[in-house]
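**Q** structure, please.
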Amino acid sequence: MKAPVVEIAAVVVHYGAVLLVKRVCSAGEVCWSLPLAVLPWGECLQRCVEREVLAATGVVIRSGAVLHGYDRMVSATDGAVTEHSVVIEMEADYLGGELQPGAAVLDAAWVSALAIATLDVDEKCLELLVDIGFI
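**A** Got it, this is the predicted structure:
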């Protein structure tokens, strides 16, 4: 029996900017999104997202409450599901560190609400940022 992959996204807002990473999205296109971690067996959500955000961006965070969750599914032309992820979006506090993109991402940036309009941002990321009042 197949099981979905659990992914955790960190919503880190610091001095009026949100932490975003540039990566290859599920459709194979490049987009900006929240830092995302795949939950390995035996690791809690909080520790996983804190570790992965540090590795992907050089930023130290403390994870907080769950904000939102959703299913992300990709289907083949015949309708069969080929990918299934459960994405959990968590708020996180900036603790320190210098922004330095890691090997798992193409770039990382602190992005203001105004600047988001100039980037190709993942649709689900945009929805969440609207929901929390960032944009």
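**Q** show me which positions of the host helix or strand of Glu91 end up buried.
**A** Per DSSP states H and E: Glu91 is located in strand 81-97. Using 16 or more other Cβ atoms under 10 Å as the test for burial, strand 81-97 gives Ser85, Val86, Val87, Ile88, Glu89, Met90, Glu91, Ala92, Tyr94. Bear in mind the C-beta positions are built from the backbone N, C-alpha and C, glycine included.
**Q** which SS class is the residue located most distally from the centre of the chain?
**A** The outermost residue of the chain relative to its centre, with distances by Cα atoms, centre = their mean, is Asp78 at 29.0 Å. Recorded secondary structure, Asp78: coil (DSSP: H, G, I helix; E, B strand; the rest coil).
**Q** angle of the helix ranked longest in the chain against strand 81-97?
**A** Ranked by residue count, the top helix of the chain under DSSP state H comes out as helix 45-57. Interaxial angle, helix 45-57 versus strand 81-97 (axes from the mean of the first three to the mean of the last three Cα atoms, to 10 degrees): 80 degrees.
**Q** what's the next secondary structure element after helix 45-57?
**A** Next element after helix 45-57 (DSSP H and E): strand 59-75.
**Q** avg pLDDT for that next one?
**A** Per-residue pLDDT over strand 59-75 has a mean of 93.
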